[in-house]
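>>> Mind looking at a prediction? Sequence and model below.
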Amino acid sequence: MFFDRVQNLAPRLVSLATATPPFELRQDEVAARAGDVFASRVANFSRLTPIYRNAEIETRHSCVPLDWYVEHHGFAERNSLFLENAVDLLAQAARKALSEARLDAGDIDVLITVCSSGIATPSLDARLMQHMPFRPDVLRLPIFGLGCAGGVLGLSRAAALARAQPDSRVLLLVVELCGLTFRHSDLSKSNIVATALFGDGAAAAIISCRGEYGPSQSGPGKPCLGPSAEHIWPDSLDVMGWDIAEDGLKVVFSGSIPDLVRNDLRPVVDGFLARHGATIGDIDGFVCHPGGAKVVDALEEAFGLQPGALAHARDVLRRHGNMSSVTVLFVLKAALEAGDRGVQLLTALGPGFTAAMLLIDLA
């Protein structure tokens with residue numbers, strides 16, 4: 001129904017690894033510093049302070065210490081920090097994924113890099129190749145601008161390239177340093193809300209259709225990546241994304257996102273499943289990008305789940321915050337480590353306004 005069971009055509013998730021930067025930010029400390037930054041400059045700032053508690057986040061990770069955020073920084077400085085730390089985090093995640101798969105960098109045929117929180121030309125994959133011994137003829141695909149949808153869409157693109165080259169091994173690299181986009185001069189509600197929500201992280205996944213990863217007498221093989229889809233709603237470019245300011249990327253996101261999830265996502269998902277002869281009742285579990293606490297509530301409502309059912313998403317949000325495209329891969333890793341089984345629906349929402357969907361069979 002969902003998956004191509006022909007062994008040499010089914011993309012498999014060979015390994016999945018994550019990485020976080022060294023500085024841990026506690027939400028209570030962030031809230032106190034935000035008061036130092038905004039209380040004297042934002043009218044009625046005290047009315048916004050409940051966002052730090054209501055976000056249901058306890059800790060996040062950052063590539064810079066908390067003191068960095070209370071000072072002014074220009075775009076050039078931010079992007080220099082982005083390049084240095086993004087490459088380092090990608091190297092950490094990539095080495096873990098290669099070790100888990102018992103592979104060397106030279107075994108990788110395709111590099112896909114997903115990121116939306118900084119600018120890199122040469123691209124991040126080219127920079128990473130200066131630190132890891134990938135082959136000089138490796139095929140590279142850097143992807144920018146997918147935002148929070150990038151983790152699911154990155155897996156989808158990796159699966160498609162693996163199908164196109166069945167003997168290849170594809171390394172998907174995803175990194176976001178959302179904290180570096182905080183702008184001291186921005187007194188907008190979106191910027192203040194971002195201080196309660198976003199964190200930094202990276203993930204790496206190896207995907208391949210090679211026969212050794214498929215089913216055998218010893219077991220069902222590695223998790224199987226199935227159909228995927230995306231949907232862009234019309235006239236929705238202002239829901240989520242970046243504007244460009246003099247001192248960096250300015251966060252844009254609408255307070256209507258939970259309502260959009262609650263009211264508009266389910267028909268899109270139902271249509272996706274119907275095209276593959278299935279319904280929501282055929283799904284064994286949900287691996288969702290959490291976005292924020294209200295978004296998780298809306299996802300549970302949209303999919304007809306009991307409150308609290310998206311436990312992995314809530315736990316990742318609590319411990320890491322919203323790491324944009326990376327977050328859903330942390331949730332997927334949590335599902336794998338918990339021993340979840342059966343067909344899982346991966347979802348994420350990003351700029352466009354875009355819904356990304358992918359089915360994976362954890363067997």
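Right, received. Where do you want to start?
>>> Going along the chain, name the strands of the stretch 101-250 of the chain.
Secondary structure of the stretch 101-250 of the chain (DSSP state E, counting those that start in this stretch): strands at 110-115, 139-144, 169-177, 200-208, 224-232, 240-245, 248-253.
>>> Direction included, what does the last one pair up with?
Looking at strand 248-253 with DSSP bridges, its paired strands and their directions are strand 240-245 (antiparallel).
>>> from what I can see Ile264 touches Trp233, true?
Not Ile; residue 264 is Asp. Yes. Taking contacts as Cβ atoms under 8 Å, Asp264 lies within contact range of Trp233: 6.8 Å. Backbone N, C-alpha and C define where each C-beta goes, glycine included.
>>> coming back round to it: looking at the strands of the stretch 101-250 of the chain, which is closest to Ala160?
strand 224-232 (8.1 Å; Cβ to Cβ).
>>> show me where pLDDT drops low in this structure?
Within the chain, the ranges that satisfy pLDDT under 70 run 1-8.
>>> Could you rerun that using 90?
Regions of the chain meeting the criterion pLDDT under 90 cover residues 1-9, 34-40, 42-49, 51, 70-72, 182-194, 214-221, 235-259, 352, 363.
>>> which of the residues in the top helix by length along it are buried?
Counting residues, the longest helix in the chain under DSSP state H turns out to be helix 75-101. Buried residues in helix 75-101, defined by neighbour count with 16 or more other Cβ atoms under 10 Å: 78-79, 81-83, 85-98, 101.
>>> likewise stretch 222-236?
For stretch 222-236, burial by neighbour count (16+ other Cβ under 10 Å) applies to Lys222, Pro223, Cys224, Leu225, Gly226, Pro227, Ser228, Ala229, Glu230, His231, Ser236.
>>> before we move on, what about stretch 312-322?
His312, Ala313, Arg314, Val316, Leu317, Arg318, Arg319, His320, Gly321, Asn322.
>>> do stretch 53-69 as well
Ala55, Glu56, Ile57, Thr59, Arg60, His61, Ser62, Cys63, Val64, Leu66, Tyr69.
>>> residues contacting the last one?
Tyr69 makes contact with Arg33, Val37, Gly179, Phe182, His184, Thr195 under the criterion Cβ atoms under 8 Å, 6 or more residues apart in numbering.
>>> residue contacts, the fifth one?
If I follow you right, that is His184. Contacts for His184 (Cβ under 8 Å, 6+ apart) come out as Val37, Tyr69, Val70, Glu71, His72, His73.
>>> Helices along this structure, start to end?
So, for the chain - with DSSP H - the helices run 27-38, 50-54, 75-101, 124-128, 150-164, 189-195, 257-260, 266-274, 293-302, 311-320, 327-337.
>>> In terms of secondary structure, what does the fifth one contact?
It refers to helix 150-164. strand 110-115, strand 139-144, strand 169-177, strand 200-208, strand 224-232, helix 327-337, strand 343-350, strand 354-361 (3 or more Cβ pairs under 8 Å, 6 or more residues apart in numbering; DSSP states H and E).
>>> With distance to Thr279 as extra columns, can I get those in CSV?
As requested, the helices and strands packed on helix 150-164 are exported to CSV (distance: least, Cβ to Cβ, whole Å):
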stretch, distance to Thr279
strand 110-115, 30
strand 139-144, 31
strand 169-177, 29
strand 200-208, 27
strand 224-232, 14
helix 327-337, 21
strand 343-350, 11
strand 354-361, 13
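>>> Arg169 contacts Gly106, correct?
No. Using Cβ under 8 Å as the test, Arg169 is too far from Gly106 to be in contact (10.4 Å).
>>> Of these two, give the one with the bigger neighbour count.
Taking other Cβ atoms under 10 Å, Arg169 and Gly106 do not tie; Arg169 has more neighbours (20 against 12).
>>> what's around the closest residue to that one other than its chain neighbours, how many residues?
Leaving out its chain neighbours, the residue that sits closest to Arg169 by Cβ to Cβ, 6 or more residues apart in numbering is Ser208, at 4.6 Å. By other Cβ under 10 Å, the residues close to Ser208 number 31.
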